[in-house]
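[1] here you go, sequence then predicted model.
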Amino acid sequence: MLESYLKQIPLSLTTQALLLGLTVGLVTYYTFGKKKYKLPPGPWSPPLLGHIFAMNSSTPLYRQLLDWRKKYGPAMTIYMGPIRCVMLNDAETVNEALVKKGADYAGRFKTFSIETFTSGYKDIAMADVSPAWKHLRKIALQGLRQYLYGSKLEEKVFDSTSKVMRCLKEEEGKPIDIQKYIGLLVCNLLHGVCFNKSFDINDKKFLELLDVFESTNNDIGNGFWEDIIPPLRRFPTAKFKRIMETFNIFVDFIRDEYGAHKDNFSEDDMKDFTDYLIHARRQAILEDPEIENVITDEHLVQTCSDIFSAGIDTTRQTINWTILLLITHPEIQKKVQAELDQVLDAGQAPTLNDRERLPYTEAVLHESMRICPVAPLGLPHATRCDTTIGEYEIPEGTMVMINHWALHNDPEIWKDPEIFRPERLLDADGKLAPKTMSWLPFSAGRRNCLGETIARPEMHLMLAILLRNFTFTCPEGKTMDMTPGGTLTFLPPKSDIIVEARK
C-alpha cells in the first residue's frame with residue numbers, strides 16, 4: 001500500500017534530502033519540543049505517517065471513527081500525517097464545542113491546498129475569523145436575503161424547475177442520468193441568483209462546470225500530500241496539478257462573470273447577488289476608504305465562488321440522494337405524492353406557503369440528509385485558543401472536525417439508523433419535530449452554513465414540484481446501487497433511472 005502512495009511523490013535526490021531533513025526535524029520537535037496536553041485518546045499510529053492507512057482503507061474514515069468511539073469515547077485524537085486532529089463523534093461533545101464554546105472553536109484550520117484554492121483564504125467558508133471575514137459574511141447574507149428569499153426564491157425555483165421539467169418530459173420512459181438534470185435544476189437557480197443567467201441542458205459551459213464538480217469531488221479523495229509534506233508544495237504531485245487545472249476552469253468562469261458585472265455595473269439597475277456585492281463594497285469604501293485594501297475584488301470573486309459552488313454541490317447531491325432513496329422505497333415516494341395530492345388542488349403547483357402543510361415531504365428530505373450526509377466530516381475547524389472538551393485539553397491551533405455521519409447514525413439516538421424512515425422526524429401530531437444536535441447537516445454555531453435558511457425551503461420546494469409532476473423508478477430488470485462514492489465524501493452513485501409524468 002505504501003508503495004502506491006510513494007509513486008505519487010516525485011522522489012528526486014533533492015526531494016529525498018528534503019524529506020529526510022523534514023523527518024528528522026519533525027521527530028525531534030514532536031518528541032522534545034512540545035508542551036504536553038491531556039489530549040483525547042485515540043488509536044496508536046506511527047510517527048509522521050499518522051492514520052493515513054486508516055484514511056485509505058476500504059472502510060471510510062467516518063465509519064471507522066464511529067467504531068473507534070466504542071473504545072476511545074466520543075472525542076478522540078487522530079493524526080493526518082503529522083497534523084493532529086480532534087474528532088468529535090456525538091451530539092454532546094459537538095454541542096460543547098460549537099455552541100457552548102463557539103468562539104474557541106470558530107477558527108478554520110489552514111492548509112496549503114485550501115490556501116491555494118481560495119487565493120489566500122479570501123473566501124467565507126474557509127477563511128479564519130477576521131474583520132474581513134465578518135464583513136464579507138454580513139454582506140453575503142444581506143445579498144442572499146435580497147435575491148434569494150421569499151417570493152424571489154420561489155420565482156427562481158419555478159424558473160429553474162420549469163426548464164428541467166420540459167427536458168424530463170422529452171425523455172419520459174427512457175433511462176436517463178438523473179444527476180445531469182438535477183445539476184441543471186440547481187445550477188440554473190444559482191446561475192440566476194449570482195449572474196442573472198440560465199443554462200440549457202446541453203450548454204457547453206454547463207456541461208463543463210458539471211464535469212468540474214464531478215471530477216473535483218472524485219479526485220480529492222483523502223486529501224493532498226502537499227498539506228503534510230511541505231517540500232511537495234514546490235514539487236506538487238500529478239494529482240494536485242490535475243485538480244488545480246480543473247478547479248481553475250471554475251474560478252476563471254467566476255472571475256469572467258464578476259469582471260463583466262463590474263464593467264457594466266449600475267447603481268440604478270442591480271440585477272443579482274454579484275451586483276449587490278459590488279454595491280456593498282463601494283458603499284463601505286465611501287464610509288471607510290481603508291476597506292478598499294481589506295475587501296478586494298478577489299474577496300468578492302471568492303465569495304461568489306463560495307455561494308455558487310457550495311450552493312450547487314450540496315443541494316444537487318442532496319436531491320439526487322433523495323430521489324435514489326425514494327426509488328428504492330417506492331411506498332415512501334407514493335406517500336409523499338399522496339400528501340401533495342391531498343394538500344394541493346388539482347393542477348395546483350406547490351409554493352413556499354405550502355411548506356408547513358407538507359410535513360411528510362420535509363421529513364423525507366431531512367431523513368435523506370440524515371442517512372446520506374453529503375459532507376460527512378464537514379469542514380475543518382481550528383481552536384483559536386487553548387480550550388477544553390469534556391475533561392480533555394485542546395491546544396490552540398488544533399484541527400477539529402465534526403463527524404456528522406456519526407451523529408446521524410448514533411445507535412443511542414436513532415433506532416435502526418441505517419433504515420430510511422421519515423416518520424422518525426415527525427412528532428406525535430404529524431408535524432416536523434424540532435431539530436436536535438444529532439441532526440446536523442448544516443453544522444451549528446458561529447460557522448454554521450451561510451445558506452441554511454435558504455437551502456431548506458429551496459430543496460423542499462424543488463422536491464415537492466418534482467414529485468408533484470413525476471414518478472421515479474429503476475429500469476426494469478435492474479437494481480439501484482446505493483453505495484456512496486468517496487472516502488471522506490458521500491457522493492451519490494451514477495444511476496440510470498426512469499422518469500414518468502404523473503397523470
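    All right, it came through fine. Residues are numbered from 1 along each chain as shown.
[2] which non-adjacent residue is nearest residue 430?
    The shortest distance from residue 430 to any non-neighbouring residue, by Cβ to Cβ, 6 or more residues apart in numbering, is to residue 359 (6.1 Å). Every residue, glycine included, has its C-beta placed from N, CA and C.
[3] from residue 339, how far off is the one you found?
    Separation of residue 359 from residue 339 (Cβ to Cβ, to the nearest Å) stands at 8 Å.
[4] go on, residue 372?
    21 Å.
[5] residue 63 now?
    Counting by Cβ to Cβ, the gap from residue 63 to residue 339 is 33 Å.
[6] so for these two, which residue has more residues nearby?
    residue 339 (20 against 16; other Cβ atoms under 10 Å).
[7] A helix includes that one, no?
    Yes. Residue 339: assigned to a helix according to DSSP: H, G, I helix; E, B strand; the rest coil.
[8] tell me if I'm right that it and residue 358 touch.
    Yes. At 5.9 Å, residue 339 counts as touching residue 358 under the criterion of Cβ atoms under 8 Å.
[9] tell me which helix or strand of the chain sits lowest on mean pLDDT?
    The helix or strand of the chain with the lowest confidence, counting by mean pLDDT, DSSP states H and E, is helix 2-6 at a mean of 45.
[10] tell me how many other residues surround the residue lying closest to residue 224 once chain neighbours are set aside.
    Once flanking residues are discounted, residue 224 sits nearest to residue 113: 4.6 Å by Cβ to Cβ, 6+ apart. Neighbour count for residue 113, taken as other Cβ under 10 Å: 18.
[11] contacts for the helix or strand harbouring residue 113, please.
    In this structure, residue 113 sits in helix 112-117 according to DSSP states H and E. Residues from elsewhere that reach helix 112-117, judged by Cβ atoms under 8 Å, 6 or more residues apart in numbering: 108, 121, 126, 223, 224, 226, 227, 230, 233, 240, 244, 247.
[12] also stretch 69-87?
    By Cβ under 8 Å, 6+ apart, stretch 69-87 touches 26, 30, 39-43, 45, 47-52, 54-55, 65, 68, 88-90, 92-93, 223, 227-229, 380, 389-390, 392, 394, 398-401, 403, 406.
[13] can you list the domains in the chain?
    Following automatic domain parsing, one gets these domains for the chain: 1-33, 35-59+73-501.
[14] lowest average pLDDT across these?
    With a mean of 51, domain 1-33 has the lowest mean pLDDT of the domains of the chain.
[15] neighbouring strands for the helix or strand containing residue 84, and are they parallel or not?
    Element membership of residue 84 [criterion: DSSP H and E] is strand 83-88. Paired neighbours of strand 83-88 in the sheet (DSSP bridges): strand 75-80 (antiparallel), strand 399-402 (parallel).
[16] can you give me the strands for the stretch 401-503 of the chain?
    For the stretch 401-503 of the chain, applying DSSP state E, counting those that start in this stretch gives strands covering 470-473, 496-501.
[17] tell me the strands beside the longest one, with direction?
    Think strand 496-501. With DSSP bridges as the test, strand 496-501 pairs up with strand 176-177 (antiparallel), strand 470-473 (antiparallel).
[18] returning to what we had before: kindly compare burial across the domains of the chain and name the winner.
    For these, average neighbour numbers computed from mean count of other Cβ atoms under 10 Å are highest in domain 35-59+73-501, which has a mean of 18.
[19] quick one, helices of the stretch 251-400 of the chain?
    Counting by DSSP state H, counting those that start in this stretch, the stretch 251-400 of the chain has helices at residues 273-287, 291-294, 297-328, 330-343, 359-371.
[20] can you redo the ones you listed as a markdown table with distance to residue 417?
    Shown next, in a markdown table, are these (distance: least, Cβ to Cβ, whole Å):
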| stretch | distance to residue 417 |
| --- | --- |
| helix 273-287 | 37 |
| helix 291-294 | 45 |
| helix 297-328 | 14 |
| helix 330-343 | 17 |
| helix 359-371 | 8 |
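[21] out of those helices, which is closest to residue 449?
    Among the helices of the stretch 251-400 of the chain, the nearest to residue 449 by Cβ to Cβ is helix 297-328 (8.0 Å).
[22] grab the nearest non-local neighbour of residue 366.
    Nearest to residue 366 is residue 425, by Cβ to Cβ, 6+ apart, at 5.0 Å.
[23] swap that for residue 487, please
    That would be residue 60: by Cβ to Cβ, 6+ apart, it lies 4.9 Å from residue 487.
[24] can you tell me how far that neighbour is from residue 216?
    Taking Cβ to Cβ, one finds residue 60 at 18 Å from residue 216.
[25] which of the strands paired with strand 496-501 sits closest to residue 299?
    Closest among the strands paired with strand 496-501, using Cβ to Cβ: strand 176-177, at 36.3 Å.
[26] contact partners of that closest one?
    The contact list for strand 176-177 (Cβ under 8 Å, 6+ apart) reads 168, 494, 495, 496, 497, 498, 499.
[27] let me see the contact set for the fourth one.
    Pointing back at residue 496 there. 175, 176, 177, 475, 478.
[28] over to the first one?
    For residue 168, the contact set (Cβ under 8 Å, 6+ apart) comprises 176, 181, 470, 499, 501.
[29] go again using 7 Å as the cut-off
    If you count contacts by Cβ atoms under 7 Å, 6 or more residues apart in numbering, residue 168 has them with 181, 470, 499.
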